[in-house]
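Undergrad: fold the following, please.
(one chain, ligands or ions: 2)
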Amino acid sequence: MARHWADFQYEIYLNGMTGAVPRLPTDLSRLEELTEQRLGPGPVGYVAGSAGDGSTARANRAALERRRIVPRMLRDVRERDLSVEVLGRSLPAPVALAPVGVLSIMHPGAEPAAARAAAAQGVPFILSSASSTPMEEVAAAMGDAERWFQLYWSKDREVARSFLSRARAAGFSVLVVTLDTPLLAWRPRDLDRAYLPFLHGVGTANYFTDPAFLAGLAKPVQEDPNAAVMHFVNLFSDPGKTWPDLAFLREHWDGPIVLKGVLHPDDARLAADAGMDGVVVSNHGGRQVAGSVAAADALPRVAAAAGDRLAVLFDSGVRSGDDVFKALALGARAVLLGRPYVYGLGLDGQPGVEHVIRCLLAELDLTLALSGHATPATVGPADLEESAG
Ligand SMILES: Cc1cc2nc3c(=O)[nH]c(=O)nc-3n(C[C@H](O)[C@H](O)[C@H](O)COP(=O)(O)O)c2cc1C
Ligand SMILES: O=C(O)C(=O)c1ccccc1
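TA: Ligands and ions are numbered 1, 2, ... in the order given. Okay, the predicted model is just below:
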């Protein structure tokens, strides 16, 4: 029988009989403020910050809030199953943890702690290229859980090739290639503090352990750390890439490839034509293009263009179980959770991330049931209404 994630609700109430309450809030939208209070503004500023005046991040929230669920009654929701098929894999729920770099600014446990939490709950963890821990170490922490790797597609062909072969050797099976960060956007919150984690060497672990990267340095990292960091800044991404370059990825990766940061339906068609397996409809949590379309507004059009040629995933603004429900109704097969798990990590390490996953999925399970669905498969556009406000 499938796991009833909603059981977490009565687990909390029953623990309360002995006077215990959850260590963290169960409304995940409250975590940002709490993290800021406990950790101070620098690291949290980097995580919470976005491009320009922040309007894209706000638009992501508004686009989800504007859509309202129209629940259906009397539909037998005793036995519920949240599992979904994505990219030939069965996931226990339509959720994975989004790739987030530099996690050691939030907690010393960093990526291994988040990856262990995901593995413990059976949810895929997508490891960022800009991890603060080498990918081999994170992989070792993950046991037999699903390993997905996010590629920042380096302009140095040998570095890109080396990352792909290391990821494959470390047991990562799905490749997520981020297209929306050929350059780092204008981010006033970080600029005003002149704070960028990787200038302090955070988030460079995969590079500083990579033979192809190290071959490009005049001196060892320890002898000239600043030159090593500048080399990273110069080559971690590539504003020169175009669609025909995707052939290189297809050639060097034999598993599913998902393109992250697709917002235009024509780009979804190009992805399918290039033999890609999926897309993540995402505006990077509002951190890249200021004034960009809200991710949830782009989702139905991209999903229509993808048809059954691509798996459509979604992120940017998901803070609750009902947000996941709405994304499913707008055409996503599964959803990536970003900032909320990062705050959970900052507040309580691995248990904090597990708390966030369990809250989100309990709330999703209940939202489905209370809206008349026993599985994500039956959720669709008819479950939503768009309010004017
Ligand atoms: C601090 C931070 C670092 C991130 N680093 C990466 C990264 O290394 N690679 C990537 O593809 N996306 C990265 N993202 C974007 C996330 O994968 C995801 O698209 C975004 O967090 C979704 O928005 P939300 O957190 O507001 O829901 C990062 C996001 C944050 C907040
Ligand atoms: O901050 C980000 O959004 C991001 O994607 C990133 C890029 C390079 C290094 C670390 C994080």
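
Undergrad: show me where the stretch 101-250 of the chain has its strands.
TA: Counting by DSSP state E, counting those that start in this stretch, the stretch 101-250 of the chain has these strands, from start to end: 125-127, 147-151, 174-178.

Undergrad: from the ones you listed, which stretch is densest packed?
TA: Of these, the one with the most neighbours on average (mean count of other Cβ atoms under 10 Å) is strand 125-127, at a mean of 27. From N, CA and C alone the C-beta is placed, and that goes for glycine too.

Undergrad: which helices and strands sit right next to that one?
TA: strand 95-97, helix 110-121, helix 135-141, strand 147-151 (3 or more Cβ pairs under 8 Å, 6 or more residues apart in numbering; DSSP states H and E).

Undergrad: next, format those as JSON lines and append distance to ligand 2 and mean pLDDT.
TA: Listed next are these as JSON lines, based on distance: least, Cβ to the nearest ligand atom, whole Å; pLDDT from 0 to 100:
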{"stretch": "strand 95-97", "distance to ligand 2": "14", "mean pLDDT": "98"}
{"stretch": "helix 110-121", "distance to ligand 2": "12", "mean pLDDT": "98"}
{"stretch": "helix 135-141", "distance to ligand 2": "14", "mean pLDDT": "98"}
{"stretch": "strand 147-151", "distance to ligand 2": "9", "mean pLDDT": "98"}
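
Undergrad: of these, which is nearest residue 255?
TA: Closest to residue 255 of these is strand 147-151 (Cβ to Cβ; 9.4 Å).

Undergrad: what's the closest one in contact with?
TA: Residues from elsewhere that reach strand 147-151 (Cβ atoms under 8 Å, 6 or more residues apart in numbering): 96, 99, 124-129, 135, 139, 160, 163-164, 167, 170-178, 249, 260.

Undergrad: hang on, the earlier thing: quick check: which of the helices and strands packed on strand 125-127 is nearest to residue 211?
TA: helix 135-141 (13.0 Å).

Undergrad: redo the strands of the stretch 101-250 of the chain as a markdown table? Include distance to residue 21.
TA: Compiled in a markdown table, the strands of the stretch 101-250 of the chain are given as follows (distance: least, Cβ to Cβ, whole Å):
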| stretch | distance to residue 21 |
| --- | --- |
| strand 125-127 | 28 |
| strand 147-151 | 34 |
| strand 174-178 | 37 |
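
Undergrad: confidence-wise, which helix or strand of the protein is lowest on average?
TA: helix 41-48 (a mean of 92; mean pLDDT, DSSP states H and E).

Undergrad: show me which positions of that helix end up buried.
TA: 43, 44, 45, 46, 47, 48 (16 or more other Cβ atoms under 10 Å).

Undergrad: could you dump those residues into a markdown table and include distance to residue 299?
TA: Formatted as a markdown table, the buried residues of helix 41-48 follow (distance: Cβ to Cβ, whole Å):
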| residue | distance to residue 299 |
| --- | --- |
| 43 | 30 |
| 44 | 28 |
| 45 | 28 |
| 46 | 27 |
| 47 | 24 |
| 48 | 23 |
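
Undergrad: closest one to ligand 1 out of those, please.
TA: residue 47 (4.3 Å; Cβ to the nearest ligand atom).

Undergrad: neighbours around residue 290, how many?
TA: 19 (other Cβ atoms under 10 Å).

Undergrad: helix, strand or coil for the nearest residue to it once chain neighbours are set aside?
TA: Spatial nearest neighbour of residue 290, chain neighbours left out: residue 52 (2.5 Å); criterion: Cβ to Cβ, 6 or more residues apart in numbering. Recorded secondary structure, residue 52: coil (DSSP: H, G, I helix; E, B strand; the rest coil).

Undergrad: distance of residue 125 from residue 181?
TA: Separation of residue 125 from residue 181 (Cβ to Cβ, to the nearest Å) stands at 20 Å.

Undergrad: try residue 380
TA: 32 Å.

Undergrad: okay, the two: which has more neighbours?
TA: Neighbours were tallied for residue 380 and for residue 181 using other Cβ under 10 Å; the higher tally belongs to residue 181 (18 against 12).
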